[in-house]
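1. The sequence isn't on hand, but the structure is:
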């Protein structure tokens, strides 16, 4: 049986879970509301403060959907109760980031500043040379952080660019002169 799929999800106080037909799950909490349509093959039940996901049979597809469904539900519950955040660092001489209303303005050595609009439900905060992306949807937070990082990925020689705070960049040695 799926090791992840069989674990029950504890629903914290202040979080409300509704399971409609076709496995449309709505999770409401102090930070907001998330709604997602999960695979209809899985059976989702709310039992005394815990969400339990069960699968109909042991086919390979059902096994993989079992763990996925449980993980998606857990991400929704954690999102509405605690929220998610990703921290990015801007490294490099002359590389700057600033916030103008709902716009993130990045100066990354291009001939023009790069402007990015915050997506619905997400907020990017700038403090010095760090950007913090916060929101309740784990998928959207990760996607927006990846899009920001894509504007100037860290390079291995000097380490310039935008990197995740917990990311380690493998450094390379540069060219050496002829003797």
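-> Perfect, I can see it now. Please read these numbers as outputs of a predicted model, since none were measured by experiment. Numbers count the residues shown, from 1 in each chain.

2. Strands of the protein, start to end?
-> Ranges of strands in the chain, per DSSP state E, are 9-10, 16-19, 24-29, 32-37, 43-47, 50-54, 84-91, 96-100, 103-107, 114-117, 122-127, 130-135, 161-164.

3. any weak-confidence spans in the chain?
-> 1-2, 179 (pLDDT under 70).

4. Now with 90, please.
-> Flagging of the chain using pLDDT under 90 yields the residue ranges 1-5, 48-49, 174-179.

5. the inter-axis angle of the longest helix seen in the chain versus strand 84-91?
-> In terms of residue count, the longest helix belonging to the chain (DSSP state H) is helix 60-81. Per axes from the mean of the first three to the mean of the last three Cα atoms, to 10 degrees, the angle that helix 60-81 makes with strand 84-91 is 80 degrees.

6. Now helix 60-81: buried residues?
-> 62, 65-81 (16 or more other Cβ atoms under 10 Å). Every C-beta, even on glycine, is put in place using the N, C-alpha and C of the backbone.

7. got it, and stretch 118-138?
-> Within stretch 118-138, the residues that count as buried by 16+ other Cβ under 10 Å are 118-119, 122, 124, 126, 131, 133-138.

8. what does it contact?
-> 29, 31-32, 34, 75, 78-80, 83-91, 95-99, 102-104, 116, 140-141, 144-145, 148, 162, 165 (Cβ atoms under 8 Å, 6 or more residues apart in numbering).

9. still on that earlier bit, could you dump the strands of the chain into a markdown table and include distance to residue 172?
-> Shown next, in a markdown table, are these (distance: least, Cβ to Cβ, whole Å):
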| stretch | distance to residue 172 |
| --- | --- |
| strand 9-10 | 44 |
| strand 16-19 | 49 |
| strand 24-29 | 45 |
| strand 32-37 | 42 |
| strand 43-47 | 49 |
| strand 50-54 | 45 |
| strand 84-91 | 16 |
| strand 96-100 | 26 |
| strand 103-107 | 25 |
| strand 114-117 | 26 |
| strand 122-127 | 30 |
| strand 130-135 | 25 |
| strand 161-164 | 14 |
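
10. on that earlier part again, give the buried subset of the contacts of stretch 118-138 as a ChimeraX selection command.
-> The buried residues among the contacts of stretch 118-138 can be selected in ChimeraX (16+ other Cβ under 10 Å) with this line:
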select :29,31,34,75,78,79,80,83,84,86,88,89,90,91,95,97,104,116,140,141,144,145,148,162
